[in-house]
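[1] Give me a 3D structure for the following:
(chains A and B)
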2 protein chains.
Amino acid sequence: MLENIDLSVSMSKEEYKTRIDDLYIRIGELQREAWKMAIPIIIVFEGWHASGMAEIINRCIIGLNPMGFRYHVTTKPTYEEEKKPLFWRFWRDIPAYGSIGIFDRSWYSRTVIEYLDRKGDKDKIERCVKKINVFERQLSDDGYLLIKFFMHISKEEQQKRLFEYKKKGIPLCVVDEELDYFNEYDNYKSVVDKIIECTHTEYAPWTIIEAEEFNHATVKVLSTAINMIESRTIRRNNLHFSSQRTKLTSYSACAPKISEVDLSQKIEQDEYEEKKDYYQERLGELQYKLFRKKIPLIVVFEGWDASGKGGNIRRIVKKMDPRLYTVEAVGVPNDLEKSYHYLWRFYKKIPEAGHIAIFDRSWYGRVLVERVEAFSTEEQWKRAYNEINEFEEILADFGTIIVKFWLHIDKKEQLRRFENRENTPYKKWKITPDDWRNREKWDAYLEAADEMLSRTHTNYAPWTIIEANDKKYARIKILRNLVENIEKHL
Amino acid sequence: MLENIDLSVSMSKEEYKTRIDDLYIRIGELQREAWKMAIPIIIVFEGWHASGMAEIINRCIIGLNPMGFRYHVTTKPTYEEEKKPLFWRFWRDIPAYGSIGIFDRSWYSRTVIEYLDRKGDKDKIERCVKKINVFERQLSDDGYLLIKFFMHISKEEQQKRLFEYKKKGIPLCVVDEELDYFNEYDNYKSVVDKIIECTHTEYAPWTIIEAEEFNHATVKVLSTAINMIESRTIRRNNLHFSSQRTKLTSYSACAPKISEVDLSQKIEQDEYEEKKDYYQERLGELQYKLFRKKIPLIVVFEGWDASGKGGNIRRIVKKMDPRLYTVEAVGVPNDLEKSYHYLWRFYKKIPEAGHIAIFDRSWYGRVLVERVEAFSTEEQWKRAYNEINEFEEILADFGTIIVKFWLHIDKKEQLRRFENRENTPYKKWKITPDDWRNREKWDAYLEAADEMLSRTHTNYAPWTIIEANDKKYARIKILRNLVENIEKHL
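    Here you go, the predicted structure:
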C-alpha cells in the first residue's frame, strides 16, 4: 500500500489556519458524542522513524478534552511487560467505553521489533499478523472503533530529518538504547508493506498519511478520524456488523462429557492421606522448577456451587511458596471492569513467567452465569467461545501451561452440602440466597457447562471433569492431574 | 527491641493441630467483619533472611478468603518503579477499604537496601524513618489498620537454614541478582533494631515473632492479628484516635494572598504574540533538558470555573513533545478511587523521572470543592493541608519541580465568560448547572482558596497567583513563570 503514494502534497499556512479551528471544534464535539454513546476509540499512529509522529499527534490532541483520552507511547517493554505475552500491555491500555486511547507506535512496532528478525521470515510474519488481527477483531466485535494511521515519508526525507534532529539535540527515542529497526528504511519497507496489507481489514482499516509536510498531515489525520467517528456514531444501532472472523484454531472433538461421568468413585482415608502428602510435596518441588524455567501456569476451577473449589485450592497451595502463586477469586466485575471489554480484567490477572495463577471461577463466567442469567446477550456469549479459545491460545503460545477443572457433583449431593453449611455456624456465611436461586436453574447451567466443555476443550488448554461427590477422590485426582501436567511440560 | 527475646519457644505438633482450625475460623470471621465495616488492613512481614517468612505467611493466609486479600512480594524495583519515589509503589499497592494487603517485605526492606549504605549514616536513617512514619500515619489517619511483624531468628539458626536451602535448591529470592543485605546479620542488627524502635508507634506497632519454630510463629502471628482486628472492629466508632503527627516541615509564612491581587493588569497584542512564541519555543527546548537530566515536573492548575485553566494548558503544551508530557484532568473520583485513601489516585498520576505532568485541578480538590460541598468531613479536609505538604515534599525530595498556579478572576469577569459560553454554540457544552451553583458559593470558595494558599505554600512547592481577568496577561505570566522555574532547577 505504500507504493505510488504522492508524497509531495502540502498545505499552505493560510489554508491550515482557516481549517484547523473547525476541525478542533468538530473532533471535540464527536469526542463528547462518543462519550455519551459509550463508544471506545483506539487511534494508532505508526510510521517511519523521523516521520514527525509526535508533532502531528500533539497538534491533533490539542482539540480533545484531556479528561476523555489517554496517550500511550509504546517503547521497549518494561521488566514486568517482558514477563507477559506481547499483547498483555496493549490489553491493559485499551480505553474504557466512551474514551479514546491514542497509541504512538503500538503492537505493530513491537511485533516488528520483538518478533521479526531481520530476515523477515514469512511464516513468522503470518503468525504475527494473525495475532494482530485477532486482537483488533476482538475489540471491534465489542464495539471498539479502530483508526490506524501510517506516517509515510521517503527515504531521502528521513535522512534529512535525522540529520537535523541530531544537530538540534532532539532525542530520537524517549527510552534509551533500543535499536530502531525502522531506521533501516529499505530493509524494512517490504515487511512494513506486507504487514499493512494483511492488517488492512474491514474492522480496522489503515489510512496512509503523507507526512512530509505537517499541515497537510495534521488536517488529513483529523478529517479521517472525524469521518470515521461520524459514521460510527450514526450507524450505532447497527453496531455489530458481520466482521471477517479470524479463527486461530478449531476446538478438539474429544471433549469430556458430563453425562459420561461416574460420580460414585471413592477413595479410602489411608490412601487419601498418603497420596495427598506425596502430591503436595511434589507440587512444592515442581513450583521451583517452573520458576527456574520461567514457565507460567494457570489453573482454572469451575464447577457447581459447593462442589469444593475453595477447599481444593487450599490443598493445592498447602506446600507452595506464596511468592510464586496467587489465587484469583473471580466474582461480579466492578464498575471499572464493566467499562472495558470483558477479557480486560483477566489479562490483568495472568501470571508472569515462572509464576502460578489459580482461578476460583474465571473468564468462563461469560458462558456460564452470564449466559444463564442473561447478563450477556446471546450474541455476546456465543462469540465468547471463540474469544476464549483465542485468549488461551495466546497464553499457551507464550509457553503457559493451562489446566482446567470442572468440579462435578449431583443435585442431591449439593443439597446435602448446602444444608450442612446452613447448620454449621462457621460455614453459614458461605451460603447465600443466590446459591439457592442458582440451584433452581440446574438444568440451564448443565446445558451451559456441557456446551462450554465441548467448545473450549483444546489441545493447548483441555478440560478435565472431576467427579467430586467424594471430596477425597476429587482432591487426589486434581493433585495428580496437576502434577502430571506440570511434569509433562518440564 | 530484638534484645532479650527468648528464641527457644516452640509449640508441639499436637497443640498446633488443636489450635490452628479455630484461628482460621476466627480470622475468616474477622475478615468478613472488617469487610462489612470497610476497614482496610495492612499486614507487614519483615525479618531476617531465611527466617521462614514465606512458609509462615502461607500457613496464615490459608484461613483467608482470597477474594478479600492481596499478597505482595516486595522485591527489587522494576524499571517503572525506579523512576518514581520509593513510596509510589507502596501507595499503588495499599488495599482498598475493607480489604487486606499482605506485604512480604515492604518499605522497610526497601529503605534499608535502597537508602542506607553499609555505614548506616545516622542522619539518613532518621530521614528515612520520618518518611516511613509519615506514610503509616497518613494511612492510619484514614482508618487503615497496620499490623507489623518482625520474624526473628538467631545468627546460628540463619546460617544453618541458608545451608539447608542451598542443599535443597530452594531459591532464596524470587527476583534474580539482588544483593541481600539482611544476610549480613551482625552488620545489620543495629540498623534493624534502630529502625524498628523508631517506627514502633501507637498507630503502627511492631510485634516481634520468635521464628525458629514455625508452629509457634504461625500461632503467634494469627493470634496477634486476630487481637488487633478485634479491637479495631470493636472501637470502630472511636476511629480517629489522636495519633502523634509527624510533621516533616512547617509551611512558609509568605504565602500569596488573593486580596492583594491587582486584576487590572493587561498586556498588548503585539507583546503577547512575541512573548508567547518565545516562551513556547523555550519550553520546547527545556523539556528535553529535563528529560536528559531525569528531572520530573509537576504543574498544578487550580482556579475559578472559566478562569482559563484549559486554554492555558493548551498553550503550554503547544511546542511540547507528547511523549514527555501528560495532561491530567481531575474530576470526581470513580468508584474504585473512592475505595482508597484520597491520595491514592494522585500517586498513580505523578510523572516519572524526566517527564511532565500537568494537572487541570488536582489533590487540592480536597480542601476546595470537597470542603465547600461537604464531600469531606471537617476533620478530613483540615488534616489534608498537612497530608498535601507531606505528599509534595516526598515528590520534591525525589527531585520533582512543583509549580502551582491559582488562576484568579473576579465575579463580574466570570459572569461575562459564562454568558459568552452559553451564547457560543461550540462552547456551550463547557457550561453546566454545576458552574452556576458553584458561583453562588463564591465567598465560601474564596475563603477555602485563601486558606489553601496560606497553608500549602512551601519552599519546595510554592503557589503563584495568576491575575487572569486579562487572558493574554495570564498566559504570558504562566509561561514565563514556568520557564524561569525550570531554568532555576537546571
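[2] what about A:N65, how many neighbours?
    19 (other CB atoms under 10 Å in any protein chain shown). Bear in mind the C-beta positions are built from the backbone N, C-alpha and C, glycine included.
[3] Contact partners for the closest residue to it other than its chain neighbours?
    Excluding its sequence neighbours, the residue lying closest to A:N65 (CB to CB, 6 or more residues apart in numbering or on different chains) is A:Q31, at 6.0 Å. If a contact means CB atoms under 8 Å, 6 or more residues apart in numbering or on different chains, then A:Q31 has A:64-65, A:68-69, A:100 as its contacts.
[4] and the gap between A:Q31 and A:N187?
    From A:Q31 over to A:N187 the distance is 39 Å, taken as CB to CB, to the nearest Å.
[5] Is A:M151 located within a strand, as I assumed?
    Yes - assigned with DSSP: H, G, I helix; E, B strand; the rest coil, A:M151 falls within a strand.
[6] which ones are touching it?
    Going by CB under 8 Å, 6+ apart, A:M151 touches A:45-48, A:51-53, A:56, A:209, A:211, A:217.
[7] Tell me the bridge partners for it.
    Counting by DSSP bridges, A:M151 is bridged to A:G47, A:I209.
[8] Then A:T326?
    Counting by DSSP bridges, A:T326 forms beta bridges with A:A357.
[9] How many neighbouring residues does it have?
    By other CB under 10 Å, 17 other residues sit near A:T326.
[10] That one is in contact with B:V73, isn't it?
    No - here A:T326 does not reach B:V73: they are 10.2 Å apart, not a contact under CB atoms under 8 Å.
[11] what's the first-to-last distance across stretch A:333-350?
    16 Å (CA to CA, to the nearest Å).
[12] ok, residues contacting it?
    Contacts for stretch A:333-350 (CB under 8 Å, 6+ apart): A:84-85, A:87-88, A:91-92, A:94, A:96-98, A:138-139, A:142, A:144, A:296, A:298, A:326, A:328, A:357, A:359, A:362-363, A:366, A:384, A:387, A:391, A:395, A:400, B:334-336.
[13] quick one: average pLDDT of it?
    Across stretch A:333-350, pLDDT averages out at 91.
[14] now swap in stretch A:216-235 and tell me
    93.
[15] who's in contact with that stretch?
    A:9-11, A:16, A:19-20, A:23-24, A:26-27, A:30, A:33-34, A:37, A:39, A:41, A:43, A:52, A:56, A:59-60, A:63, A:145, A:147, A:149, A:151, A:207, A:209-211.
[16] Tally up the residues packed near A:H457, please.
    19.
[17] Distance check, the closest residue to it other than its chain neighbours against A:Y385.
    Excluding its sequence neighbours, the residue lying closest to A:H457 (CB to CB, 6+ apart) is A:A255, at 3.4 Å. To A:Y385, A:A255 is 12 Å away according to CB to CB.
[18] what's the overlap in contacts for these two?
    By CB under 8 Å, 6+ apart, A:A255 and A:Y385 have these common neighbours: A:R455.
[19] which residues of the stretch 251-400 of chain A fall in strands?
    A:297-303, A:325-329, A:356-360 (DSSP state E, counting those that start in this stretch).
[20] Out of those, flag the one nearest B:H200.
    Ranking the strands of the stretch 251-400 of chain A by proximity to B:H200 (CB to CB) places strand A:325-329 first, at 30.9 Å.
[21] just checking, what packs against the closest one?
    With contacts defined as 3 or more CB pairs under 8 Å, 6 or more residues apart in numbering or on different chains; DSSP states H and E, strand A:325-329 has these neighbours: strand A:356-360.
[22] From the chain's centre, how far out is the strand it packs on? Work that out for me.
    Using CA atoms, centre = their mean, to the nearest Å, the mean C-alpha position of strand A:356-360 is found 17 Å from that of the whole chain.
[23] CA atoms only: put that strand into PDB for me.
    Taking C-alpha atoms only, strand A:356-360 is exported to PDB below (Å, rounded to 0.1, in the frame of the first residue of the first chain):
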ATOM      1  CA  ILE A 356       1.300 -19.700  39.100                       C
ATOM      2  CA  ALA A 357      -2.200 -18.200  39.000                       C
ATOM      3  CA  ILE A 358      -5.100 -20.300  40.300                       C
ATOM      4  CA  PHE A 359      -8.600 -19.100  39.300                       C
ATOM      5  CA  ASP A 360     -11.600 -19.800  41.600                       C
END
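[24] report the angle between the axes of it and strand A:297-303?
    Angle of strand A:356-360 versus strand A:297-303, following axes from the mean of the first three to the mean of the last three CA atoms, to 10 degrees, is 10 degrees.
[25] list the buried ones in strand A:356-360?
    Of all the residues in strand A:356-360, those buried under the rule 16 or more other CB atoms under 10 Å in any protein chain shown are A:356-360.
[26] swap in stretch A:192-209?
    Residues A:192, A:194-196, A:199, A:201, A:203-204, A:206-209 are the ones in stretch A:192-209 that count as buried (16+ other CB under 10 Å).
[27] What about the residues you listed, which are in helices?
    Using DSSP state H, the subset of the buried residues of stretch A:192-209 located in helices is A:192, A:194-196.
[28] Helix or strand next in line after whichever strand or helix holds A:R421, which one?
    Secondary structure assigned from DSSP states H and E places A:R421 in helix A:411-423. Counting by DSSP H and E, the next helix or strand C-terminal to helix A:411-423 is helix A:433-440.
[29] Any stretches of chain A with poor pLDDT?
    A:117-123, A:172-183, A:235-253 (pLDDT under 70).
[30] ok, 50 please
    A:175-179, A:181, A:237-250 (pLDDT under 50).
[31] Would you map out the domains in it?
    A:13-236, A:258-489 (automatic domain parsing).
[32] List the contacts of the nearest residue to A:K124 once chain neighbours are set aside.
    Ranked by CB to CB, 6+ apart and with sequence neighbours excluded, the top spatial neighbour of A:K124 is A:L116, at 6.0 Å. Shown in contact with A:L116 (CB under 8 Å, 6+ apart): A:124-125, A:128, A:191.
[33] Now restrict these to buried residues only.
    Among these, those scoring as buried are A:125, A:128, A:191 (criterion: 16+ other CB under 10 Å).
[34] can you tell me how far the last one sits from A:I132?
    In this structure, A:V191 lies at 13 Å from A:I132, with CB to CB as the measure.
[35] and A:H72, what are its bridge partners?
    Bridge pairing for A:H72 - DSSP bridges - gives A:F103.
[36] Cross-check the contact I'm expecting between it and A:D93.
    Yes - using CB under 8 Å, A:H72 is in contact with A:D93, at 5.2 Å.
[37] Return every residue with contacts to both of the two.
    With CB under 8 Å, 6+ apart as the test, A:H72 and A:D93 both reach A:101, A:103.
[38] Just want to know which of these two has more residues nearby.
    Ranked by neighbour count (other CB under 10 Å), A:H72 and A:D93 place A:H72 first, with 19 against 15.
[39] Now for that one: which residues touch it?
    Applying CB under 8 Å, 6+ apart to A:H72 gives the contacts A:93, A:101-104.
[40] switch the cut-off to 10 Å
    A:42, A:89-90, A:92-95, A:101-106, B:323 (CB atoms under 10 Å, 6 or more residues apart in numbering or on different chains).
[41] How about A:N481?
    A:N481 touches A:279, A:299, A:403, A:405, A:464, A:466, counting by CB under 10 Å, 6+ apart.
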